[in-house]
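*Asks:* Turn this into a structure:
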Amino acid sequence: MIIQSRKIWMNGSFQAGQLKIINGGIQKILPYNQEKADKDYGSLLVCPGFIDIHTHGWNKCDAGHPTSAAMQKWKMHMPHEGVTSFVATTATQSIEENEKAFSKLGGIIENQGNGAEIIGINVEGNYISHNAHGAQDLYTIVKPNAEQLLHYNALSKHHILTVTCAPECEGAIDFIKRATAAGIRVSMGHSAATYEESELAIKAGVTGTTHTGNGMTPFHHRRPGIFGAALCDGSVYAEVIGDGIHVAFPTAQIIGTMKGKDRLILVTDSSPVKDDPKYAEMNKEGAFRLPDGTLFGSALYVNQGVYNLYKKAHLPLETAINAATINPAKFLGVDNRKGSIEEGKDADITVCTNTFDLKEVYCMGKAQLHGNN
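*Replies:* Residues are numbered from 1 along each chain as shown. So this is what the prediction gives:
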């Protein structure tokens, strides 16, 4: 199959071209109109498929309590956000719930059906601070425990890609070193760490920050804290929830400007009740809140988030697109096959308008929105 457009996102800009797709991959990139195209998208934007590395679920599908049927339903939904791959994210819960979840998720990842690809697991819970737990379960928080994490990873068939840790907790530095040695990326978050504690964690191996600006001590001009460390250290990737509610758009602009085009990652941190009519009353202007006002996840779609970063947070277009494509791929170490339109990579492609309204999404070369054309 050959698709073409005058605006294919390659090497940091939109260029005219054709993509020859064979066996789920991009076999060849050709000049525009060189061969007969099966699908000509004209001046629509052809972007790398979007990647969401921090999403807990959708419409009763919950990564913390997965079933095969629910996960497949979720996988089929994600292209409707422009997403071609994502990381199933668990929250703080009991050991028994974790063991069941990781064992089930590992099997699902190794036997994937149609839809977006689940590329791994994000463990947001349990190794966080009681002082910055947000909507996470206060009573199942534990000290950072590398043996436990490695046990969970074995249950998941070694599909845990990233974990959140509060750097100030007892044992955190050893946890970070052992997790990274096992190939698991560590993000700091749900934390009241000082700037100095955060810098020690980065030196120990932390490479990311979980939903920057949320679940952490607010920035103060004399006490920059974890937020300041996340922005100032050029090696650290910073997640941002791009809904304008979890962090105001001017704050997202500050984060994106500080991190630049190579270190910002757009996430939804979506709740399993997203798009569930039963919980519509808890959706307050695009985010879910507990009765006390605590945020517990967004209702954001990823394509909306890309538009928001570009048009509402006023970040450069390259920064906004990279935040949903190559940056998460590099953070996770899957950029050898995901995150950009290049020969030899997976044919994960999102076709959209200038306002990022979706027209088609290809997962491994298969059209998801309008049939396998």
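*Asks:* So which residues of the stretch 251-373 of the chain form strands?
*Replies:* Ranges of strands in the stretch 251-373 of the chain, per DSSP state E, counting those that start in this stretch, are 264-267, 283-284, 287-289, 295-298, 349-352, 358-363, 366-367.
*Asks:* looking at the ones you listed, which is closest to residue 333?
*Replies:* strand 264-267 (13.5 Å; CB to CB). C-beta coordinates here come from the backbone N, C-alpha and C atoms, glycine included.
*Asks:* Who are the packing partners of that closest one?
*Replies:* Applying 3 or more CB pairs under 8 Å, 6 or more residues apart in numbering; DSSP states H and E, one finds that strand 264-267 makes contact with strand 50-55, strand 237-241, helix 302-307, helix 317-323, helix 326-332.
*Asks:* among the ones you listed, which is nearest residue 295?
*Replies:* strand 237-241 (9.0 Å).
*Asks:* Contacts for whatever helix or strand residue 121 lives in next, please.
*Replies:* Per DSSP states H and E: residue 121 is located in strand 117-123. For strand 117-123, contacts defined as CB atoms under 8 Å, 6 or more residues apart in numbering pick out 51, 53-54, 63, 71, 75, 84-90, 102, 105-106, 108-109, 112, 149, 152, 156, 159-164, 332, 334, 338, 348, 363-364.
*Asks:* returning to what we had before: let me have the strands of the stretch 251-373 of the chain in JSON lines, extended by mean pLDDT.
*Replies:* As requested, the strands of the stretch 251-373 of the chain are exported to JSON lines (pLDDT from 0 to 100):
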{"stretch": "strand 264-267", "mean pLDDT": "98"}
{"stretch": "strand 283-284", "mean pLDDT": "80"}
{"stretch": "strand 287-289", "mean pLDDT": "87"}
{"stretch": "strand 295-298", "mean pLDDT": "87"}
{"stretch": "strand 349-352", "mean pLDDT": "98"}
{"stretch": "strand 358-363", "mean pLDDT": "98"}
{"stretch": "strand 366-367", "mean pLDDT": "97"}
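*Asks:* hey, which of those strands is tucked in deepest?
*Replies:* Counting by mean count of other CB atoms under 10 Å, strand 264-267 has the highest mean neighbour count of the strands of the stretch 251-373 of the chain, with a mean of 29.
*Asks:* chain center to stretch 36-47: distance?
*Replies:* In terms of CA atoms, centre = their mean, to the nearest Å, the centre of stretch 36-47 is set 27 Å apart from its chain centre.
*Asks:* in that stretch, what counts as buried?
*Replies:* 37, 39, 41, 44-47 (16 or more other CB atoms under 10 Å).
*Asks:* can you redo those residues as TSV with distance to residue 58?
*Replies:* Output for the buried residues of stretch 36-47, formatted as TSV (distance: CB to CB, whole Å):
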residue	distance to residue 58
37	33
39	28
41	27
44	26
45	24
46	25
47	21
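*Asks:* Now, the residues you listed that are in strands?
*Replies:* Among these, the ones falling in strands (DSSP state E) are 39, 45-47.
*Asks:* Turn those into TSV, including pLDDT.
*Replies:* Formatted as TSV, these follow (pLDDT from 0 to 100):
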residue	pLDDT
39	97
45	98
46	98
47	98
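*Asks:* for these, which one is nearest residue 243?
*Replies:* Nearest member of these to residue 243, counting by CB to CB, is residue 47, at 19.9 Å.
*Asks:* Can you spell out which helices and strands pack onto the lengthiest helix in the chain?
*Replies:* Longest helix in the chain by number of residues (criterion: DSSP state H): helix 95-109. Helices and strands touching helix 95-109, by 3+ CB pairs under 8 Å, 6+ apart, are helix 68-77, strand 83-90, strand 117-123, helix 146-155.
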